[in-house]
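In: need coordinates for the following:
(one chain, ligands or ions: 1)
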Amino acid sequence: MSALEVSYECCTEIPRMEFVCYLWFSFFKYMILHAHLNGSEKGTHYALDLGGTNFRVLRVHLGGRRSSILGHDVERQPIPQELMTSTSEDLFDFIASALKEFVEKEGDGSETSLDRRRDLGFTFSFPVKQMSVSSGILIKWTKGFAIVDMVGKEVAGCLEQALTRKGLNMQVAALVNDTVGTLALGHYHDEDTVAAVLIGTGTNACYLERTDAIIKCQGLLTTTGCMVVNMEWGNFWTSHLPRTTYDIDLDADSPNPNDQGFEKMISGMYLGDIVRRVILRMAQETDIFGPVSSKLSVPFILRTPLMAAMHEDDSPDLQEVGRILRDVLEIPDVPLKVRKLVVKVCDVVTRRAARLAAAGIAGILKKIGRDGSGGLTGGRRSDNKMRRTVVAIEGGLYTSYTMFREYLHEALIEILGEEVAQHVVLKVTEDGSGIGAALLAASHSSQS
Ligand code: ADP
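Out: From the prediction side, this is the model:
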């Protein structure tokens, strides 16, 4: 396939597909993209990436030949906690200011660089009802965001209004989510890329599907016959997925109960808090941690990177585990035997998360006939030769948490079998979600 096809159309139907591990996989919605990235995109392009604890502003220099990204600059900033539950105006004004500062640093920062009208790629990784390539309506918040006035509003419009307030002459040329941006970049570099998976603060995936395998798109013509399906897999749920009391309590206490069930078992926002809940119960029901520390009742006090640091503590007396229990959870003098137990809890929680994510990836490969079986929707069963298959992958949990990554790889090999798994490459695309959005913006503006 020489070009990634991207066109937007919203489907309200909730189709179903078979999910490896005997689960049924329900799509939350489709986002279907149809446009070209043909490698001829040129010049300097900007993108904004908002979708978790940090947001990024990016500048990408394109050389006009396939895979010729001449360079890119990125600046990351944490989203202040209070802005996650404030107003859309506060949030977008903050982002627009950061973008303005970033744009001003281009070249000599002279006024002309602000005067020129620019197209912007906007990666907005929350469930959106896509209205066009450059617009969409926020359906709901996830990952701890809860800005009530924003739900039901057109996202690109809110951003553009803030850009105007800040005196920036920019328009959103492509509104995508992080998985679609990651797939766009992955495919730009490597045409064997068929899917993208994000495992950071939250989790989601998208994949390339044959248009004729999408019921809603029967009869729709695209030049490559393929489309991108945004799965919103964080919202996958099935009664076959065993939930513990910790999962049930975490969900009930969250700002979005009964939502994002898969995400709450997998992603970085939640794993540390599951571990905290287990330790709290152990402390309440036994005396192994001494008197119950009040810190154990503070939601999200045990962040996932801290949990990872305990899990990966390789010192003989588990010093880091002892330090985090003492300094963060205010549980002093925990004996080695109990520290080992804490490591075991981290291990179980992470292993479960990684295996679920691997099952999701294997489910995609099965759906598109890249699991070695010929596939569920028209993979040619007579053609047994497994093609090289690349899955672009991004997100802090996957890239920074070694044990998580290893468990995910192990499970994928277990599910697919070694012979098939050797043809499947998980390729990290750093900042792919933002760079991909800049590429799509470039592609869209060059077409219009
Ligand atoms: P985003 O917030 O946009 O998803 P990232 O993809 O960088 O950004 O993911 C950040 C998330 O990754 C954090 O919220 C955290 O849960 C997780 N994370 C980051 N570093 C680590 C680490 N060293 N160990 C475990 N998890 C980590």
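In: what is the neighbour count of the residue of the stretch 101-250 of the chain found nearest the ligand?
Out: Going by C-beta to the nearest ligand atom, the ligand is nearest to residue 200 of the stretch 101-250 of the chain, at 2.5 Å. Quick note: C-beta positions are derived from backbone N, CA and C, even for glycine. Residues lying near residue 200 (other C-beta atoms under 10 Å) number 25.
In: likewise residue 49?
Out: For residue 49, the neighbour count with other C-beta under 10 Å is 29.
In: please apply the same query to the one 5 residues further on.
Out: When counting by other C-beta under 10 Å, one arrives at 14 neighbours for residue 54.
In: show me what contacts it?
Out: Counting by C-beta atoms under 8 Å, 6 or more residues apart in numbering, residue 54 touches 76, 77, 78, 79.
In: one more: residue 58?
Out: 46-49, 72-75, 431, 434-435, 437-438.
In: check which element follows the helix or strand where it lies along the chain.
Out: According to DSSP states H and E, residue 58 maps onto strand 54-63. Where DSSP H and E defines the elements, the next helix or strand beyond strand 54-63 is strand 69-78.
In: what is that following strand packed up against?
Out: Secondary-structure packing of strand 69-78 (3 or more C-beta pairs under 8 Å, 6 or more residues apart in numbering; DSSP states H and E): strand 54-63, helix 88-104, helix 432-447.
In: what lines up beside the shortest one in the sheet?
Out: Pairing partners of strand 54-63, with direction, according to DSSP bridges: strand 42-50 (antiparallel), strand 69-78 (antiparallel).
In: just the buried positions in the helix ranked longest in the chain, please.
Out: For the chain, the helix with the greatest residue count under DSSP state H is helix 336-367. The neighbour-count check on helix 336-367 (16 or more other C-beta atoms under 10 Å) flags 338-339, 341-343, 345-346, 349-367 as buried.
In: what's residue 211 sitting at in phi/psi?
Out: Dihedral pair for residue 211: phi -60, psi -40, per degrees, to the nearest 10.
In: what number of residues lie near it?
Out: So residue 211, with other C-beta under 10 Å, has 20 neighbours.
In: with residue 138 instead?
Out: A total of 20 residues lie near residue 138 under the criterion other C-beta under 10 Å.
In: quick check, it in contact with residue 128.
Out: Yes. Under the criterion of C-beta atoms under 8 Å, residue 138 makes contact with residue 128 at 5.9 Å.
In: what is in contact with the two at once?
Out: residue 155.
In: before we move on, back to that, can you redo the strands paired with strand 54-63 as JSON lines with mean pLDDT and distance to the ligand?
Out: Output for the strands paired with strand 54-63, formatted as JSON lines (pLDDT from 0 to 100; distance: least, C-beta to the nearest ligand atom, whole Å):
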{"stretch": "strand 42-50", "mean pLDDT": "89", "distance to the ligand": "7"}
{"stretch": "strand 69-78", "mean pLDDT": "88", "distance to the ligand": "8"}
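In: most packed of the ones you listed?
Out: By mean neighbour count, with neighbours taken as mean count of other C-beta atoms under 10 Å, strand 42-50 ranks first of these at a mean of 23.
In: show me the contacts for the residue lying closest to residue 296 once chain neighbours are set aside.
Out: Counting by C-beta to C-beta, 6 or more residues apart in numbering, residue 296 lies nearest to residue 280, which is 4.3 Å off, once chain neighbours are set aside. Counting by C-beta under 8 Å, 6+ apart, residue 280 makes contact with 292, 296, 297.
In: of those residues, closest to the ligand?
Out: Nearest to the ligand among the contacts of residue 280 is residue 296, at 19.5 Å by C-beta to the nearest ligand atom.
In: would you agree that closest one is in contact with residue 325?
Out: No. Using C-beta under 8 Å, residue 296 makes no contact with residue 325, being 10.0 Å away.
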